[in-house]
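Asker: My questions concern the predicted model and sequence given below.
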Amino acid sequence: MDTLPTTDRMTREAVAELLAAMVEIPSINPFFTRQDRPAEWFGEARLAHFIADWLNAEGIEARLEDVMPGRPNVVARLPGPPGAPTMVWEGHMDTVQVEGMQAPFTPRIEGGKLYGRGAVDDKACLAMFMLAMRALKRRGGACDLTFVAAVDEEVTFRGVLHHVENYPRYDLGIAGEPTSLAVVRACKGVIRFVVDVNGRGTHASTPEEGIDALLVSADLLKHLDGYMHKAGRAHPELGRRTLTCTLMTAGEGANTVPAHATLTFDFRTLPDQTGDEAWEEIAAVVNAFAEHHPANADIVVNRPFIDSVSMEVPEDAPIIGALSRALDANGVQPSVVVAPFGSDATKFTRTGTPTVVFGPGRIEEAHSNNEHVDLDEVARAADVLVTLAQNL
C-alpha cells in the first residue's frame, strides 16, 4: 500500500491554524439556548460558511444545503475516476453547552494539545477531513469522495437524516468522532421517551382519597428494572441493553398528594432492534403494568422524542479492511472495536452505507469543561484518510 512521503505529511501547524479558527466560531446547538448567553453563540451557520469558504478557496466545490432555516449542512465533493467506489466522510458542526467553562471559544495550545469547546467533538474531525480533502485535491485519489459537515448531531440528528434522505447510498463511509484512532464498527442506539403517570390529587392529610403518582412511578421503575434483568437480550461485544430513568418531575405542593409525574427514559438499544421496535416493547410492558396495578392510575407512554438507531458493520466489510490497512501504513496499530455511544454513522449504515466511526481524540474529553485534542493525532488521522482514499 502506498503511504505518504515524510515531506508530504500533515503538520501540527496546519492542524492548529485550521482547528483554532473553527473553535473560535461558536456553534452550540440551539437546543441549549440560554437567554443570558450571546445569541451568536448558538447555531451552526457561521461555521458552515467558514467551512464552505475554506474548501472553495482550496478548489474543492462546496455548497450549503438548508436543513432548517439558518442551519445548513455543508456538502463538498471530489469526483473520482469513472467507476470508482463512492465514499462519504461526515462530521458534525454543533457542540454542546459551555456552562462551567472559562473562555470556551478562545483556543489555547499547551503541550501540543488544543483546548476549547468543540476541539475534540467534533471540530478535530472536521479539520481531519478538510485537510485530507485538500491533500487529495492536490495529489488525486482513487475514489469518488463526498464530505458532509452536518448540523444537529448532538440532539435530533436532522443534518445527517437530511443527507441520507436526499442522496443515494455510498459504497463505504466514515463518521468522525473521537475514537483515539480506533475503528468503531458497532454501537448502541438510543431512544428517549416520556411516560406520564396521572393519578389523583388530594389533601396530604387524607392520602387514601387520592392516587399518588409518585408511589405509582416508584412501582413502575421497580417493575421495569426487573423486566430488563429478566429480558436478557445482549450483544456479544456491546453487552446488555440499558433502560435508565434520567429525569422525574412530580408534585403540585408540599401539602398535596402528587396528581401527576413525568418520567424521562434513556433506552440504549442493540443492533437487533429498531428504535420503534424497542419502544413498542417497553410500551407494552408499561401498559401491562398499568392494567394490573391496584392504584388504577392512567399511565401514558409517549412516542420517542429522540431515536438514534444502533448499528453493526460486519468485521469483513471493505471499509474496515481498507481503513485498517491505511492505519498500518501510517504506523498506527489497527484496532477494531465497538462502543456504547452513538453517532451519525448509524444513520448511514441503516440506510445502506456501511459506515464506521473514526477520529482523533478521546471520547472522555467530549462535552467536558477541559475539552482538548492532541494536534499530532489529528495530523496522523488526516494522513490515514489520504492513504485510504488513494488506495481504494
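Answerer: Alright, I've got the coordinates. Numbering: from 1, shown residues only.

Asker: Show me the shaky parts of the protein.
Answerer: Applying pLDDT under 70 to the chain flags the ranges 1-8.

Asker: residues contacting the residue nearest the centre of it?
Answerer: In the chain, the centroid-proximal residue (CA atoms, centre = their mean) is residue 343; its distance is 3.2 Å. Listed by CB atoms under 8 Å, 6 or more residues apart in numbering, the contact partners of residue 343 are 153, 175, 177, 184, 187, 357. The C-beta positions use only the backbone N, C-alpha and C, and glycine is treated the same way.

Asker: Distance of the first one relative to residue 30?
Answerer: Just to be clear, that refers to residue 153. Separation of residue 153 from residue 30 (CB to CB, to the nearest Å) stands at 13 Å.

Asker: Among those two, which residue is more densely surrounded?
Answerer: Neighbour count, other CB atoms under 10 Å: between residue 153 and residue 30, residue 153 has more, with 27 against 18.

Asker: domain parsing for the chain?
Answerer: When the chain is parsed with automatic domain parsing, its domains come out as 6-187+310-391, 189-307.

Asker: Would you mind finding the most buried of the ones you listed?
Answerer: Highest mean neighbour count of the domains of the chain: domain 6-187+310-391, a mean of 20 (counted as mean count of other CB atoms under 10 Å).

Asker: Residue 170 looks like it's in a strand, true?
Answerer: No. Counting by DSSP: H, G, I helix; E, B strand; the rest coil, residue 170 is not part of a strand but coil.

Asker: roughly how far apart are it and residue 312?
Answerer: Counting by CB to CB, the gap from residue 170 to residue 312 is 18 Å.

Asker: One more: residue 237?
Answerer: 9 Å.

Asker: residue ranges of the helices in the stretch 251-392 of the chain, please?
Answerer: Using DSSP state H, counting those that start in this stretch, the helices assigned to the stretch 251-392 of the chain run over residues 275-292, 318-329, 345-350, 375-391.

Asker: Switch those over to CSV; also include distance to residue 367.
Answerer: Shown next, in CSV, are these (distance: least, CB to CB, whole Å):
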stretch, distance to residue 367
helix 275-292, 23
helix 318-329, 26
helix 345-350, 18
helix 375-391, 19
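
Asker: Would you mind telling me which of these is nearest residue 362?
Answerer: Closest to residue 362 of the helices of the stretch 251-392 of the chain is helix 375-391 (CB to CB; 9.5 Å).

Asker: one step back: common neighbours of residue 237 and residue 312, please.
Answerer: Counting by CB under 8 Å, 6+ apart, the residues touching both residue 237 and residue 312 are residue 186.

Asker: Spell out which helix or strand contains residue 130, please.
Answerer: Take DSSP states H and E as the rule and residue 130 turns out to sit in helix 124-139.

Asker: what's the residue lying closest to residue 366 once chain neighbours are set aside in contact with, if anything?
Answerer: Closest residue to residue 366 apart from its sequence neighbours, by CB to CB, 6 or more residues apart in numbering: residue 121 at 3.7 Å. Residue 121 makes contact with 95-96, 177-178, 361, 363, 365-367, 371 under the criterion CB under 8 Å, 6+ apart.

Asker: a strand runs through residue 121, doesn't it?
Answerer: No. Assignment of residue 121 by three-state DSSP gives helix, placing it outside any strand.

Asker: could we number from 440 for the rest of this?
Answerer: Yep, numbering from 440; the last one is residue 560 now.

Asker: how near is it to residue 800?
Answerer: Counting by CB to CB - residue 560 and residue 800 are separated by 8 Å.

Asker: who touches both of those two?
Answerer: residue 617.

Asker: Which residue ranges of the stretch 440-589 of the chain form strands?
Answerer: Counting by DSSP state E, counting those that start in this stretch, the stretch 440-589 of the chain has strands at residues 501-507, 510-517, 525-531, 547-549, 552-554, 583-589.

Asker: Alpha carbons of stretch 525-541, as CSV, please.
Answerer: The C-alpha trace of stretch 525-541 is given here as CSV (Å, rounded to 0.1, in the frame of the first residue of the first chain):
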residue,chain,number,x,y,z
THR,A,525,-18.0,6.1,-3.6
MET,A,526,-17.1,7.1,-0.1
VAL,A,527,-18.6,9.6,2.3
TRP,A,528,-16.9,11.4,5.2
GLU,A,529,-19.2,13.1,7.7
GLY,A,530,-18.6,15.2,10.8
HIS,A,531,-20.9,17.5,12.8
MET,A,532,-20.6,21.2,13.4
ASP,A,533,-22.8,21.6,16.5
THR,A,534,-21.4,21.5,20.1
VAL,A,535,-22.9,21.1,23.5
GLN,A,536,-23.3,23.8,26.1
VAL,A,537,-20.4,25.6,27.8
GLU,A,538,-21.5,26.0,31.4
GLY,A,539,-18.6,25.9,33.7
MET,A,540,-16.0,26.8,31.0
GLN,A,541,-13.8,29.8,31.1
